[in-house]
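J.: using only what follows, build the 3D model:
(chains A, B, C and D)
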Amino acid sequence: MGRLSVDLCGIEIDNPVIPASGTFGFGYEFAEIYDINCLGTFSFKGTTKDPRFGNPTPRIAECSSGMLNAVGLQNPGVEKVIEEELPKLKEVFHKPVMANISGFSVDDYVYTSEKLDKEEQVGWLEINISCPNVHGGGMSFGTDPEAAASVMKAVKEVTTKPVIAKLTPNVTDIVSMAKACVDAGADAISLINTMLGMRIDLKTRKPLLANTTGGLSGPAIFPVALRMVYQVAQAVDVPIIGMGGVSSAEDVLEMMMAGATAVQVGAANLVDPMACPKIIEALPEAMDRYGIETLKEI
Amino acid sequence: MGRLSVDLCGIEIDNPVIPASGTFGFGYEFAEIYDINCLGTFSFKGTTKDPRFGNPTPRIAECSSGMLNAVGLQNPGVEKVIEEELPKLKEVFHKPVMANISGFSVDDYVYTSEKLDKEEQVGWLEINISCPNVHGGGMSFGTDPEAAASVMKAVKEVTTKPVIAKLTPNVTDIVSMAKACVDAGADAISLINTMLGMRIDLKTRKPLLANTTGGLSGPAIFPVALRMVYQVAQAVDVPIIGMGGVSSAEDVLEMMMAGATAVQVGAANLVDPMACPKIIEALPEAMDRYGIETLKEI
Amino acid sequence: MQDLRLTIKENRQLTDKMWKMVLCHPDLAVQKPGQFINLKIDGYFLRRPISVCDYAPGEVTIIYAVVGKGTKVLSEMQIGETVQALTGLGNGYDISEAGEKPLLLGGGAGVPPMYLLAKQLRAEGKMVTVILGFNTKSEIYYDEEFYKIGCRVILATADGSLGAKGFVTDVMPEDYSYIYTCGPEPMLKAVYKKAETSGQFSFEERMGCGFGACMGCSCKTITGYKRICKDGPVLRKEEILWED
Amino acid sequence: MQDLRLTIKENRQLTDKMWKMVLCHPDLAVQKPGQFINLKIDGYFLRRPISVCDYAPGEVTIIYAVVGKGTKVLSEMQIGETVQALTGLGNGYDISEAGEKPLLLGGGAGVPPMYLLAKQLRAEGKMVTVILGFNTKSEIYYDEEFYKIGCRVILATADGSLGAKGFVTDVMPEDYSYIYTCGPEPMLKAVYKKAETSGQFSFEERMGCGFGACMGCSCKTITGYKRICKDGPVLRKEEILWED
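T.: Sure, this is the predicted structure:
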């Protein structure tokens, strides 16, 4: 119950800093570098019903203050995640973890959520209805309020733990998406996923990514993320997890001032593996500078 | 008919580099610095039926690789633009100019477009249905295909010159917006306007902009702009003017490879007043580097 | 307006927040006191507008507050390093209306432009009174420089730790011919109310371009809309319209 | 893996495109030849992965191609400047399987990792043959360094301007115990087809993080999905799955 602790859907976390899904694997790579128990929690690699290799390479392209990725939900499938990944995760991380779940149909989401809900270490289920890099799934649920609601409702029916809807920014009206999810039972909203972008190789005159388009992340998208967090915070009563380009303690505070209860850190982990512990360490001094006693007061 | 010339709706322009509306005034400030006749053309300050002061200040905030603005269409109104601005513009610029037009109703757009269509120096009418910084107007026409089509259709009925629809990126489906405009008669599409964003002042915990939100421009949005230009280019047959973070000759080539016929340069003009002439000067060498004989071939 | 790559000749801390930098370029020209330069800092998108404190052909002195990451980077730059700048921006003060006993009032970060102004007025043989206002003793800078050029200097600190306790408006003399001022908006407003002569007021606003293109820093005046960066930053008392 | 601020000790051009840089830090450690370091370049978001060419405790040599703006900035850095780097990345080559007469094949920008590998194999007393392939004479670099450490060096240029005319696979000797190779994918494929022994192949892919977190550089192998940055960049011949 220190200065940094926040309550995320009834679970008190030591600080609001949460590595975002897809930038932190199942935690081991980072556990080799630092004790990842300093984190509030982390959201593990997006998990689907069936194993997926994802998209062909190249999957990565650089941009001004950001990057594009089109990984395409590479993961070993929920059975292997439970059998192989979670036991290993448990060895290095001793707090509730956030399970990130993707699917291509309502049944997919239900199947995977039901399984992961039963895992003791899973504290929250983050339902990704916003992946821009898979066809016929992911984002299509995230751009239509009714489709999003149908996923949230079905998942809530088979689960006991807090369910978080992860939203895409690639919509005209983020507020109606958030409201539809909350009305359908979502216990929290996390936003934003990446923005759909593209780069072209001047030498070949073809897209740099094998998938043609990819998701833009990094500081470039921070102002858009902040705006959406602010708009959604005005409109719903559930906790919001803000993300999109967060790279510093100041960014965390700004997100929280916009209305976020906790904050995810994505691309920053890839450029600096120590990004999260550095942010957590810098928070108390930044709070002092802006006269913030505890993060809960923001 | 040099290496750099392109055809924009039947008007041959010397090069595809066009300062974007709102970053170039009516040309005088820049004419003090360089001969603006080196430009392909430029799009003048967004003009409305009635004079507007725009939003309160602060109107500007900085971001990673970009900036937010919430000017709110400050302009002296179409009558004064015609009486006072265009005669002065004519003294410093001797090519067809692009008239940028905003409104708050279909009648507004019709009124302003009809007047500017009659001005000899106006070569194109760029209809801004995408300003994110005014309430009850601008962007609301740009997020609904039917509303956009109604504006384009009404403007086409009262005008003789090429009409360009300027689109906002703050939509779920940019392609359906572009198609609606083209079906309604638009002779070209320009995109993207700014992305709706926000920043908060950590000291006051309040939005940095008096208008709360503003439009994000600069290199940060280039990948999103490029993706939308590419998607629209696949779907419509009219010329596309690509914009969003273009800052270099390479960016111009990348936009054209994505499907743009010409390119607008916005925020770059504000940071470096010589940005456009520098880009034009750098184009031939960049084209050599990538084996491009003429821009028309891309 | 010029776009020049200036070489840093001096860069040192004056107080906790304020730094002084001297920048050189053979072609550098400043037309008037009260103008500003707009510095491009690596890694930051927008330029930083900073008012001119002193000028000699080919050399400009600025005094800047370290308020964020951009100005922090500026404060860490070394002598001999270069920085891109747009120079000669803004309308600046018109010294032709000063009369014989002009009164200059500078508050906090608004002190620097008073210096070149005072120097030029002194060169014309005017009796210059300068009131410098600060929050507290430790924030005071440049007071001696004004003495050295023959100004009558009055210091005021909000906490009374040095000079008179109070604001610049609490120590205004009876007899002056004209007012020139620069400082935070509440100070400008107080000076406006108390001024018994005409005067010129320099305003601050967040800017996009700094040279009149973007309409980012517009304000309303009695004589119409003005751009702080191009039609200002100096407004005449008669045209000021307070918006409250 | 370490995250260190390395000091530049040398930075010079070898050919039109290739540059050599020596970087120092007391704690710097490279475990194996074929590993890479990931450099953070100011103003660019992603790090630049560059393979290790040579290593001594506290000092690493890299040879990099200037292909874009980021590596251009790197080539302009001065001796004494520092650069942040993640070091000791990737699995690297396993020299224990070399046998007595290992054959090393490096093509173009794939030559550098062959050097530390050759050095370690020579230190173990192996008879090392190195085939270096380039497009043309003017692109050749580092051939002498391989001679100096006692390798048998065979040069091949695509245009025949120096050494044998053709590709590295056109000049492979009859008798070798094992293959180590690094180069463009078409070359690796050609070597794979012609190889009469087992071997280790180093692959290149666009990376996000460089340490196994982002799945940006995944590839399919006989033994499952691998990350080029963490499970590679070196794959054993037996596990390679060509995707055509």
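
J.: which non-adjacent residue is nearest residue C:181?
T.: Distance criterion Cβ to Cβ, 6 or more residues apart in numbering or on different chains; nearest residue to residue C:181, sequence neighbours excluded, is residue C:105 at 4.2 Å. From N, CA and C alone the C-beta is placed, and that goes for glycine too.

J.: so which strand or helix has the one you found?
T.: Using DSSP states H and E, residue C:105 falls within strand C:102-107.

J.: which helices and strands sit right next to that strand?
T.: With contacts defined as 3 or more Cβ pairs under 8 Å, 6 or more residues apart in numbering or on different chains; DSSP states H and E, strand C:102-107 has these neighbours: helix C:112-123, strand C:129-134, strand C:178-182, helix C:185-194.

J.: the third one pairs with which strands, parallel or anti?
T.: Pointing back at strand C:178-182 there. With DSSP bridges as the test, strand C:178-182 is paired with strand C:102-107 (parallel), strand C:199-202 (parallel).

J.: for residue 126, what are phi and psi?
T.: Assuming you mean chain A. Here is the backbone geometry of residue A:126 (degrees, to the nearest 10): phi -100, psi 110.

J.: meant chain C, my bad for not saying
T.: The phi/psi pair for residue C:126 (degrees, to the nearest 10) reads phi -80, psi 150.

J.: next: residue A:74.
T.: With angles defined as degrees, to the nearest 10, residue A:74 sits at phi -60, psi 130.

J.: before we move on, what about residue A:222?
T.: phi -60, psi -50.

J.: gap between it and chain C?
T.: Going from residue A:222 to chain C by Cβ to the nearest Cβ, to the nearest Å gives 13 Å.

J.: wait, what's in contact with the spatially most central residue of chain C?
T.: Centroid-nearest residue in chain C: residue C:113, 3.0 Å away (criterion: Cα atoms, centre = their mean). Neighbouring residues of residue C:113 by Cβ atoms under 8 Å, 6 or more residues apart in numbering or on different chains: C:33, C:34, C:51, C:52, C:53, C:93, C:106, C:182, C:202.

J.: dig out what the last one forms beta bridges with.
T.: When bridges are assigned using DSSP bridges, the partners listed for residue C:202 are residue C:182, residue C:234.

J.: tell me where the stretch 101-250 of chain A has strands.
T.: Along the stretch 101-250 of chain A, the stretches classed as strands by DSSP state E, counting those that start in this stretch are A:122-128, A:163-166, A:188-191, A:195-197, A:200-201, A:206-207, A:214-217, A:240-242.

J.: which single strand of chain C contains the most residues?
T.: Counting by DSSP state E, the longest strand found in chain C is strand C:2-13.

J.: what residues does it touch?
T.: B:272-274, C:19-25, C:27-29, C:59-60, C:75, C:77-88.

J.: ok now that strand, how far from the chain's centre?
T.: Averaged C-alpha coordinates place strand C:2-13 at 17 Å from its chain's average position (Cα atoms, centre = their mean, to the nearest Å).

J.: and the helix or strand that it is followed by, what does it pack onto?
T.: On the C-terminal side of strand C:2-13, the closest following helix or strand by DSSP H and E is strand C:18-24. Under the contact definition 3+ Cβ pairs under 8 Å, 6+ apart, strand C:18-24 sits against strand C:2-13, strand C:59-65, helix C:69-75.

J.: any stretches of chain A with poor pLDDT?
T.: A:1, A:131-139 (pLDDT under 70).

J.: now the farthest one out in it, which residue is it?
T.: residue A:203 (34.4 Å).

J.: and the closest residue in space to that one that isn't next to it in sequence, how far from residue B:161?
T.: Leaving aside its chain neighbours, residue A:203 sits nearest to residue B:290 (6.4 Å; criterion: Cβ to Cβ, 6+ apart). Noted for residue B:290: a distance of 34 Å to residue B:161, by Cβ to Cβ, to the nearest Å.

J.: of those two, which one has the most company?
T.: Neighbours per residue, other Cβ atoms under 10 Å in any protein chain shown: of residue B:290 and residue B:161, the larger number sits with residue B:161, 21 against 15.

J.: residue numbers of chain C in contact with chain B?
T.: Proximity of chain C to chain B, by Cβ under 8 Å from any Cβ of the partner chain, involves residues C:1, C:3, C:40, C:44-47, C:70, C:86, C:205-209, C:211-220, C:225, C:230, C:243.
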